[in-house]
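**Student:** here's my sequence, what's the structure:
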Amino acid sequence: MKTMEVIALCMWLINAEGKLELIEHTYKESLRDCLRSSRIAQRELDPMRAKFACGRVTAVIELDKTGDDERWRIIKILDHGYKDKY
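**Tutor:** Numbers count the residues shown, from 1 in each chain. Got it, this is the predicted structure:
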């Protein structure tokens, strides 16, 4: 595990009270990849229930080597710039 600044796709869902609730951060290789994933997700999910944003976060990450694939996985977000989003 290591701590570093990475690009992440952030996802919020609107909860029962009508407020945005931060659900997850997903590691992305680049801002381009993040924006592409965000557009795909917005087409797949109801835009009235889910919101997405890309940005830099400081996170603890680890290399996940399950199966045949290797990918970075965000373990814990230490700092992000989404405080004004929800």
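
**Student:** can you give me the strands in this structure?
**Tutor:** For the chain, applying DSSP state E gives strands covering 2-14, 20-28, 50-64, 71-80.

**Student:** quick one: low-confidence parts of this structure?
**Tutor:** 82-86 (pLDDT under 70).

**Student:** so what touches stretch 42-49?
**Tutor:** L13, I14, A50, F52 (C-beta atoms under 8 Å, 6 or more residues apart in numbering). C-beta coordinates here come from the backbone N, C-alpha and C atoms, glycine included.

**Student:** how much space between the nearest residue to M4 once chain neighbours are set aside and E5?
**Tutor:** In this structure, M4 finds its nearest non-sequential neighbour in I61, 6.6 Å apart by C-beta to C-beta, 6 or more residues apart in numbering. Remark: distance between I61 and E5 (C-beta to C-beta, to the nearest Å) = 10 Å.

**Student:** these two: who's more crowded?
**Tutor:** Per other C-beta atoms under 10 Å, whichever of I61 and E5 has more neighbours is I61, with 18 against 11.

**Student:** S38: which of the contacts of stretch 42-49 is nearest?
**Tutor:** F52 (4.4 Å; C-beta to C-beta).

**Student:** correct me, but that closest one touches L35?
**Tutor:** No - contact criterion C-beta atoms under 8 Å: F52 and L35 do not qualify, at 9.5 Å.

**Student:** which one's more surrounded, the two?
**Tutor:** Taking other C-beta under 10 Å, F52 and L35 do not tie; F52 has more neighbours (19 against 15).

**Student:** what's opposite that one in the beta bridge?
**Tutor:** F52 has these beta-bridge partners by DSSP bridges: M11.

**Student:** swap in V6?
**Tutor:** Residues in beta-bridge contact with V6 (DSSP bridges): V57.

**Student:** quick check: it touching I74?
**Tutor:** Yes - here V6 reaches I74: they are 7.3 Å apart, a contact under C-beta under 8 Å.

**Student:** list residues touching both of those two?
**Tutor:** Common neighbours of V6 and I74 (C-beta under 8 Å, 6+ apart) are Y27, V57, A59, I61.

**Student:** the first one and V60: what is the separation?
**Tutor:** Okay, so that is Y27. On the measure of C-beta to C-beta, Y27 and V60 end up 11 Å apart.
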